[in-house]
Structure formats: C-alpha cells, structure tokens
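Q: A predicted structure for the sequence below; I have some questions about it.
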Amino acid sequence: MVWDVSVAYYGCPYPKHVEADLNEIYESGFTSITLCINEYEWPSLMKTKKIVVEKARKIGLRTFIDVHGFGFFVPSHFSISVPSNLEWCEVDNRGRIYPLRGCPNNPDYRTWLKKKVYEIITNLRPDGMFWDEPSLIVPRDWPNSWTCRCQVCRENFRREHGHDMPEDLTEEVKEFRQKSMFNFLEDIMGEAQRIDGGIVNILCLMPEHTGRYGIYSWEPVLGLKSLNVFSTDPYWIWFNRPFDWFLEWVTRAVNVSRRASVKAQIWVELIKVPSGREPDIYKSVIKAVELGADAIATWSFRAEEGSELSCENPDEAWKTMIKAVKEIREK
Ligand SMILES: [Zn+2]
C-alpha cells in the first residue's frame, strides 16, 4: 500500500473552482495536494492559499506546501526579496553577483527565509513542506565559473580549511558547496518542525550527480535529522531519456531512503508528454511502486492544460494518470 499519492496544484483565487478541483482530485484517488506557493504570491495570495488548505483538509486530502523561488528553490523561479538585499546573494568566483539567488551560508538570508516559513506554516497549517529542487545557480560558463564565493563563504571556508577559498572548482570547493547546501537544508527543515512538530519534511533533489547545482552525492541525505520523505523527479518522457534512466534514479532514491529510514517519493511527469506516449505515464507509476516507492506524485493537476508545459493531449494524460493512481491505491 502506498503511503501517499500527490498531485501538484497551483491553487486558484476562486473558492468555488477550488472546491470542484479538490473534489476531482480526491475522487481520482489522490491523497494529497502539493500546493505551490511562488514567492511573488506571498503574502498577497495568502487568503486564497489558506482556503485551498482548509478545503483540502475538509475533503480528506493532505497538503504539502511547495515553496518556489525564495532565492533557493527550483532553479528557474525568481525571488523578489533577495534582489533587494544584495549582500544575501550568491557571488561567483569571478566576483559577479546573482541577485535572484540567496547564499545558503548567509545568516541574514536564512533568517529572512525562516521568517517566511514561519508565516506560511502558522497561517496555512499544512501537513508538510515540500522543499523543491534546492540548488545553487549554474553560471553560463560553468564549471569555469561557480558559486558561491561571497564574503561569508570565503570566511567559513577559511575557518574550516585553514587557507583561502580557491578560485578554481577544486575537490575541497565541491565538498564545501555540497556541505553548505545540506547544512542549510537541515537548518530550514529543522526550523519548520520547531514551528510545528507535526510538519512532514519532503526533500526533492534533482536526479543528477554532476554537482552543477551544488549536489554531487546523495550520501549526506543520511545525515538529515529532520527529513521524513526523500524525493526525486526523473522526468524521462519530457527530457527524452530511456526508461532505464528513470528506473536507475528510482532505485537510487529508494535505496537512499531505506538507508536513511525515511519514505521514498517519486515524481512522474504530467507535463510535456507527447500525444501517444501516455502509456509511459502509467508504466512509470506502476514500476516506481514495484521498485519500492512509498509515495508517488505528479506535476501537475489536469496535465497542465492551458500552460506552456501542458501535455500534448492533457485529457488523455490525466485519464491515464488516474488509471495508474487507482491501481496503486488498490494494491
Ligand atoms: Zn556565499
């Protein structure tokens, strides 16, 4: 029996539509929504997000809040507050500032982010937080350029290593970057549970180990004390990769999760699926559960119909996902 089946939901400012959407999600067999909050929506859309969480709870769906932007989550999403505080920002080895990105080691940026997490948790009272693809920025000329080499990082590095932070991406620098990210994640996830002891922390790391986003190994996941669910999103249909690639990342995620004594969540794409490839959606869900996934999630509701990321045949893609969801719920 799977622990959770989630669907990403952006929310909607019209309560009647929210109710219809959530009823459809519940009746389709999902057990939770992963509710997206972009930084630009907070706090202006706080009330509408609160309505979504409350209605979901009433219907019997859990809500996990997915923070987008806020200086660190989902590489393509931007921040509003971070650019107004340039001293918080990531700086590359050539001294260039990246105004949309917060440095994971910067204490003031962390304080601000914790305040946002506090506002979100205390106002919305969700079941958990979904930490979506935390990452360092990838400069255009990576790996010749890399972040972060801001003043705080240089001071931390010197204290830990006894010498100046190199300008090249040495092994020590790679390790420092990764350690900085996991230290930041432990801090922010721990804060979420300090605010509300019942919060379920779900961490979604991208399925890649090049280190370009800061993380080259999942081993440090084993040391995250506040983690409840480890997650990854191997979107093989969208990125035209072989099914074996998907299976490989599912296996890795399940393996790390077992060793860390946390649940494993696998995301299956409902975005950019070409017409005719809908059976691959079904196959992915079934196989991920067979390989040991405790939870399945999909991005996003109704196959993103109407958006740039829509599946080519959103009705068919959504229908296929529902068929897979019903099947894994019955197991
Ligand atoms: Zn830094």
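A: That came through, no problem. Small disclaimer: the values here were computed from a predicted structure and weren't measured. Numbering: from 1, shown residues only.
Q: for the ion, what are the nearby residues on the stretch 51-200 of the chain?
A: 103, 105, 148, 150, 153 (C-beta under 5 Å from the ion). C-beta coordinates here come from the backbone N, C-alpha and C atoms, glycine included.
Q: 6 Å - rerun?
A: 90, 103, 105, 148, 150, 152, 153 (C-beta under 6 Å from the ion).
Q: helix or strand for the last one, which one?
A: With secondary structure defined by DSSP states H and E, residue 153 is part of helix 151-161.
Q: Check the stretch 151-300 of the chain for the residue nearest the ion and tell me.
A: Residue nearest to the ion within the stretch 151-300 of the chain: residue 153 (3.4 Å; C-beta to the ion).
Q: any chance of the residues of the stretch 51-200 of the chain next to the ion in a markdown table, with neighbour count too?
A: Below are those laid out as a markdown table (neighbours: other C-beta atoms under 10 Å):
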| residue | neighbour count |
| --- | --- |
| 90 | 28 |
| 103 | 28 |
| 105 | 23 |
| 148 | 27 |
| 150 | 22 |
| 152 | 20 |
| 153 | 22 |
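Q: mind putting these in TSV, pLDDT included?
A: Formatted as TSV, those follow (pLDDT from 0 to 100):
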residue	pLDDT
90	97
103	97
105	98
148	98
150	98
152	98
153	98
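Q: I'd like those written out as a markdown table, with distance to residue 197 added.
A: Listed next are those as a markdown table, based on distance: C-beta to C-beta, whole Å:
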| residue | distance to residue 197 |
| --- | --- |
| 90 | 32 |
| 103 | 29 |
| 105 | 27 |
| 148 | 32 |
| 150 | 34 |
| 152 | 30 |
| 153 | 32 |
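Q: Of the residues you listed, which is the nearest to residue 276?
A: Distance ranking of those against residue 276, using C-beta to C-beta, places residue 90 first at 41.5 Å.
Q: ok so, going back, can you classify the closest residue to the residue of the stretch 151-300 of the chain closest to the ion other than its chain neighbours by secondary structure?
A: Spatially, and ignoring its direct neighbours in sequence, residue 153 is nearest to residue 105 (5.3 Å; C-beta to C-beta, 6 or more residues apart in numbering). Recorded secondary structure, residue 105: coil (DSSP: H, G, I helix; E, B strand; the rest coil).
Q: ok, residue 105 touching residue 151?
A: No - if you go by C-beta atoms under 8 Å, residue 105 and residue 151 don't touch, sitting 9.8 Å apart.
Q: Any chance you could list residues touching both of those two?
A: By C-beta atoms under 8 Å, 6 or more residues apart in numbering, residue 105 and residue 151 have no common neighbours.
Q: picking that back up, quick one: contacts of the helix holding residue 153?
A: By C-beta under 8 Å, 6+ apart, helix 151-161 touches 91, 103, 105, 106, 107, 164, 165, 172, 173, 176, 180.
Q: which residues does the fifth one contact?
A: Neighbouring residues of residue 107 by C-beta under 8 Å, 6+ apart: residue 152.
Q: going forward, begin numbering at 52 instead of 1
A: Fine by me, first position is 52 from now on; the one you just mentioned is residue 158.
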